[in-house]
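Mind folding the following:
(2 chains)
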Amino acid sequence: MSKEKSAMEKLEEKIKELWKKSGSASIIAAKHTEFVVEPKIFIGDKLNPEILKLLVLAYLSQTSVQDSGAGNVEVHPDKLVIKSPNGKPLVIVNDKKIINQYVARKESL
Amino acid sequence: MAVGPIRETQPAHPSHNAPSIGEVRPNFSSEEMKEGVDYARGLIRQSKSGPMGPVERRPLTQSDEISRVRAYKRPQPVKIGHELHDTEVKDKPRFQVAPGVSAPALLAELLRPNKSLGTLAEEALVEQKALGQRS
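Just a heads-up that it's a prediction; the model follows:
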């Protein structure tokens, strides 16, 4: 009897697919088998930092390409803050390379 | 400055009679062997008597090794008044989640631009909230 998966389990599977598509997945090839290394989505009650990075980059690429009303991104010289619709800060990005890329993409639009 | 006669302080080594380059002498004669052994014994005798008396010769123990490692790995004294510079702050995380934000809520927000994943993340968030209320 197959147990119906919860929304969280389905979401985890979808994120793992996204991870594979992003090219981050590593494959260990043995003689007759192949092991695809899958990340853990949650580590304890927190999001895996690698998954967080992937999702933040996807979020920023989508918000800069199209104004989908996807959220509020506040850009500072040294940091970038992703806010929830009610203005509460969610993620702070300190990576200067990502900030510069985001700003450049915004300006080119 | 006058230079005195050069004196030989070391006894002549038997290798002084060694074959010249290119000359092959496969076996030493018994006389040569005896000379070599006597010379080596003399060297050992010399090394056993140091300037501070006879040198203690014993195999290295574990405590010798430990003291040697300690001498190499002694912690450096902390400089008083040393200020941290920007380049020294290496462990600043590149992605910081704001305090008080749960993982499902974060997922719901980050996946919102993606239609299918966004809906699923919303469902998962509702599910997690319901589970939290039940427990």
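
From here on, just use CA atoms for contacts and neighbour counts.
Fine.

number of nearby residues for B:E122?
21 (other Cα atoms under 10 Å in any protein chain shown).

how many neighbours does B:S67 have?
By the criterion of other Cα under 10 Å, B:S67 has 11 neighbours.

Then B:P104?
23.

what's the answer for A:L52, then?
With other Cα under 10 Å as criterion, A:L52 counts 22.

How about A:K31?
Neighbour tally, A:K31, other Cα under 10 Å: 5.

That one in helix, strand or coil?
coil (DSSP: H, G, I helix; E, B strand; the rest coil).

and the residue sitting nearest the centre point of chain A, what is it in contact with?
Nearest to the mean C-alpha position of chain A, by Cα atoms, centre = their mean, lies A:L55 at 0.8 Å. Contacts for A:L55 (Cα atoms under 8 Å, 6 or more residues apart in numbering or on different chains) come out as B:110-111.

how about the helix or strand in which it is found: buried residues?
Using DSSP states H and E, A:L55 sits within helix A:49-65. By 16 or more other Cα atoms under 10 Å in any protein chain shown, the buried positions in helix A:49-65 come out as A:49, A:51-53, A:55-56, A:58-60, A:63-64.

now those residues in JSON lines, with distance to B:E31?
Below are the buried residues of helix A:49-65 laid out as JSON lines (distance: Cα to Cα, whole Å):
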{"residue": "A:P49", "distance to B:E31": "78"}
{"residue": "A:I51", "distance to B:E31": "81"}
{"residue": "A:L52", "distance to B:E31": "83"}
{"residue": "A:K53", "distance to B:E31": "81"}
{"residue": "A:L55", "distance to B:E31": "86"}
{"residue": "A:V56", "distance to B:E31": "86"}
{"residue": "A:A58", "distance to B:E31": "87"}
{"residue": "A:Y59", "distance to B:E31": "90"}
{"residue": "A:L60", "distance to B:E31": "89"}
{"residue": "A:T63", "distance to B:E31": "94"}
{"residue": "A:S64", "distance to B:E31": "93"}
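
Out of those, flag the one nearest to B:A40.
Among those, A:P49 lies closest to B:A40 (Cα to Cα), at 67.4 Å.

Against A:E9, how distant is the closest residue to that closest one other than its chain neighbours?
Leaving out its chain neighbours, the residue that sits closest to A:P49 by Cα to Cα, 6 or more residues apart in numbering or on different chains is B:F95, at 7.7 Å. B:F95 sits at a distance of 24 Å from A:E9 (criterion: Cα to Cα, to the nearest Å).

got it, and A:K106?
From A:K106 across to A:E9, the span is 35 Å (Cα to Cα).

Repeat that for A:Q62.
From A:Q62 across to A:E9, the span is 25 Å (Cα to Cα).

again, but for B:P93
Counting by Cα to Cα - B:P93 and A:E9 are separated by 28 Å.

same deal with A:S24?
Taking Cα to Cα, one finds A:S24 at 21 Å from A:E9.

picking up where we left off before, what's the pLDDT at the residue nearest to the centre of chain A?
For A:L55, the pLDDT comes out at 90.

can you check A:V91 too?
Here, the pLDDT recorded for A:V91 equals 90.

how about the residues of chain A near chain B?
With Cα under 8 Å from any Cα of the partner chain as the criterion, chain A meets chain B at residues A:6-8, A:10-11, A:14, A:42, A:45-47, A:49, A:52-53, A:55-56, A:59, A:62-63, A:68, A:70-71, A:84, A:89-95.

Report the buried members of those.
Buried subset of the residues of chain A next to chain B (neighbour count, 16+ other Cα under 10 Å): A:7-8, A:10-11, A:47, A:49, A:52-53, A:55-56, A:59, A:63, A:70-71, A:84, A:89-94.
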